[in-house]
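**Student:** Here you go, sequence then predicted model.
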Amino acid sequence: MRNNRFLFFVLACAWSLCCFGQSEVLTLDSCLASARRHNFTIRSAQLDVAIAREVKKQMLWKYFPQVSIEGFAFGALRHLVDADVTELGLDGGTSDFLKDAFDLLDALSKASDSTANISSQIRGLRWGVTAQAKAVQPIFWGGQIVTANKLAKLGIDVAQLKQEVSERDVLQEVTETYWLVAGLNQKRATVSKATELLDTIASVADNAYHHGLATANDILRVQLKQNEMHTKSLQLENGIRLASRLLCHLSGLDYAAPLVLEPFPEEDTLVAYSPELQIISIDGRPEASLLEKNLQYNKLMRRLTLGESLPHLAIGASGGYTNLFEKHNGNVIAFLNLSVPITGWGETSHKLKQHDWQIKQAEWLREDYRAKLDLQNRQIFDRLTESIQLLEEHRASRELARENHRIALMNYQAGVGTMTELMEAETLLLQAENALTDAHISYLTALRKFRDFNK
């Protein structure tokens, strides 16, 4: 029983080590999903959409009344009003009359032995409080408020289109980098097989040399080829590490060497796309929509400039409260505000002419860029059809290189072939394998790009 328990414990530990030691397979779909969540460019484009939406919400408040409240309180060391009424310099003899009146009152006060002190000095307003509330409702503002809201809505549409373009471009770059890493891994496997085959050839050549069937030059040729394979292997390892780091950066993943990717696809179903049925539509491209939005933007900016020279009408109400001279006062007024620009039409006319030229320029840009988009779409389609043809040709070339290498190896083992012929066949086979890998990568990236642009 103890032996069974010990055996079970050992098997459980071994299974755990295998599970924890095995790296997670990184698929293309997982890289794309991670890039959508973590890539800086995509996240920044998402924030641009959020910012545009907040701008739109800001513009909505322009439809509502603008309400403001103001308050003011003060206190002074001395009275703000401090004067002698007899010295005010009033016209029509008023000052003399007031002086005589205060002199008479003062004399009467002294004659009656009164303790009252009658003075002509006036002092007051040492402290005070004022408050005001005002509400203004725009009625007609030259169309500027409506136009500003349309511009804000246009900003959201533009931000969403740019987000779509950014996400598409980033995912294409992730796809290309993923297949680059996968292709380099495939080439590493090819070099490894070639190295193993060279080791076999080296053993055969060494055996033939000891039996007098091969020369020392044959041994040197094999060793030189082995050194070349070692150099290629080092270059591939460096390239794989660099491309893997780039893939992790684009996907927002933590780099942990080595990356374990899904197996490189050996065969694919090649679809012959018909130019008449499958050509990419320009109108389906977000870039074409951005060109239309640019034209709309210039038209709205012209409308906004025109609104600056139109009459502005608003209604409002204002309420105030004051406490001066220790007396509470309050009042409410309603008002109608009409502002009609008189001057500035000359400047505005030139601004409108400037916008007219900018609208014309936007129309030309739209036509020119649509032509470029059409050329780009045809280039994408041509690249896909070319990659399909090249893939088929390189497959055929690889089969020929394999057969040529098999015959050269058989001839050398039979003593009817030379080491030079065998090394040349080895080089052709390696080139054919790598060329097929490159063609496969080109096909996969071209197919992905075609599908992304043909949504």
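**Tutor:** Perfect, thanks for sending it.

**Student:** Phi and psi next, for Val416.
**Tutor:** The phi/psi pair for Val416 (degrees, to the nearest 10) reads phi -110, psi 0.

**Student:** Quickly note the distance from it to Ala194.
**Tutor:** As judged by CB to CB, to the nearest Å, Val416 and Ala194 stand 23 Å apart. C-beta: built from backbone N, CA, C; applies to glycine.

**Student:** Just want to know which of these two has more residues nearby.
**Tutor:** Between Val416 and Ala194, counted using other CB atoms under 10 Å, the more crowded position is Ala194 (22 against 9).

**Student:** Test my guess that Ser244 contacts Val181.
**Tutor:** Yes: the criterion here is CB atoms under 8 Å, and Ser244 meets it with Val181 at 5.6 Å.

**Student:** Quick check: buried residues in the host helix or strand of Asn217?
**Tutor:** Element membership for Asn217 (DSSP states H and E) is helix 216-251. By neighbour count on 16 or more other CB atoms under 10 Å, the buried set for helix 216-251 is 218-219, 221-222, 225-226, 228-229, 232-233, 236, 239-241, 243-244, 246-248, 250-251.

**Student:** other SSEs contacting that helix?
**Tutor:** helix 28-38, helix 144-210, helix 419-453 (3 or more CB pairs under 8 Å, 6 or more residues apart in numbering; DSSP states H and E).

**Student:** before we move on, back to that, now do the shared contacts for Ser244 and Val181.
**Tutor:** Leu259 (CB atoms under 8 Å, 6 or more residues apart in numbering).

**Student:** So Asn337 belongs to a strand, correct?
**Tutor:** Yes: counting by DSSP: H, G, I helix; E, B strand; the rest coil, Asn337 is found in a strand.

**Student:** now it, nearest residue through space, not along the chain?
**Tutor:** Leaving aside its chain neighbours, Asn337 sits nearest to Ala314 (4.7 Å; criterion: CB to CB, 6 or more residues apart in numbering).

**Student:** Can you show me the CA trace of whatever helix or strand the one you found lives in as PDB?
**Tutor:** Assigned by DSSP H and E, Ala314 falls within strand 312-324. What follows is strand 312-324, C-alpha atoms only, in PDB (Å, rounded to 0.1, in the frame of the first residue of the first chain):
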ATOM      1  CA  HIS A 312     -28.200  87.700 -32.100                       C
ATOM      2  CA  LEU A 313     -31.400  87.600 -30.100                       C
ATOM      3  CA  ALA A 314     -31.800  86.600 -26.500                       C
ATOM      4  CA  ILE A 315     -34.300  87.100 -23.600                       C
ATOM      5  CA  GLY A 316     -33.500  87.000 -20.000                       C
ATOM      6  CA  ALA A 317     -34.300  88.100 -16.400                       C
ATOM      7  CA  SER A 318     -32.200  89.600 -13.700                       C
ATOM      8  CA  GLY A 319     -32.800  89.900 -10.000                       C
ATOM      9  CA  GLY A 320     -30.800  92.000  -7.600                       C
ATOM     10  CA  TYR A 321     -30.500  92.700  -3.900                       C
ATOM     11  CA  THR A 322     -28.700  95.500  -2.100                       C
ATOM     12  CA  ASN A 323     -28.200  96.400   1.500                       C
ATOM     13  CA  LEU A 324     -26.600  99.900   1.500                       C
END
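
**Student:** partner strands of it, parallel or antiparallel?
**Tutor:** Here strand 312-324 is paired, per DSSP bridges, with strand 127-141 (antiparallel), strand 327-339 (antiparallel).

**Student:** quick one, which of those is packed in tightest?
**Tutor:** strand 127-141 (a mean of 15; mean count of other CB atoms under 10 Å).

**Student:** ok, residues contacting that strand?
**Tutor:** Strand 127-141 is contacted from outside by 62-76, 145, 307, 310-325, 337, using CB under 8 Å, 6+ apart.

**Student:** switch the cut-off to 6 Å
**Tutor:** 65-75, 312-324 (CB atoms under 6 Å, 6 or more residues apart in numbering).

**Student:** How about stretch 217-234?
**Tutor:** For stretch 217-234, the external contacting residues (CB under 6 Å, 6+ apart) are 191, 194-195, 198, 201-202, 205, 209, 419, 423.

**Student:** now do 7 Å
**Tutor:** For stretch 217-234, the external contacting residues (CB atoms under 7 Å, 6 or more residues apart in numbering) are 191, 194-195, 198, 201-202, 205-206, 209, 419, 423, 426.

**Student:** what's around Leu161, how many residues?
**Tutor:** Using other CB under 10 Å, Leu161 is surrounded by 20 other residues.

**Student:** ugh, wrong one, Ser203
**Tutor:** Ser203 - counted by other CB under 10 Å - has 11 other residues nearby.

**Student:** With His328 as the reference, measure out to it.
**Tutor:** Separation of Ser203 from His328 (CB to CB): 114 Å.

**Student:** can you check Arg168 too?
**Tutor:** For Arg168, the distance to His328 equals 68 Å [CB to CB].

**Student:** Could you list the low-pLDDT ranges of the stretch 201-350 of the chain?
**Tutor:** By pLDDT under 70, the low-scoring segments of the stretch 201-350 of the chain are 213, 266-279.

**Student:** picking up where we left off before, wait, what's in contact with the residue nearest to Asn337?
**Tutor:** 136-139, 337.

**Student:** Now tabulate those residues in CSV and tack on distance to Gln358.
**Tutor:** As requested, the contacts of Ala314 are exported to CSV (distance: CB to CB, whole Å):
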residue, distance to Gln358
Val136, 33
Gln137, 33
Pro138, 28
Ile139, 30
Asn337, 33
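
**Student:** I figured Gln46 hits Glu164, correct?
**Tutor:** No: look at Gln46 against Glu164 with CB atoms under 7 Å: they stay out of range, at 11.0 Å.

**Student:** burial count for Trp364?
**Tutor:** Neighbours of Trp364 under the rule other CB under 10 Å: 10.

**Student:** Am I right that it is in a helix?
**Tutor:** Yes: the assignment for Trp364 is a helix, going by three-state DSSP.

**Student:** Check the gap between it and Thr195 for me.
**Tutor:** Trp364 sits 60 Å away from Thr195, going by CB to CB.

**Student:** now Ser34
**Tutor:** 34 Å.

**Student:** how close does Glu386 sit to Gln379?
**Tutor:** 10 Å.

**Student:** So which of these two has more stuff around it?
**Tutor:** Glu386 (13 against 10).

**Student:** circling back: can you list contacts of the next helix or strand after the helix holding Asn217?
**Tutor:** Using DSSP H and E, the helix or strand that follows helix 216-251 in sequence is strand 260-261. Outside of strand 260-261, the residues within contact range by CB under 7 Å, 6+ apart are 23-26, 181-182, 185.
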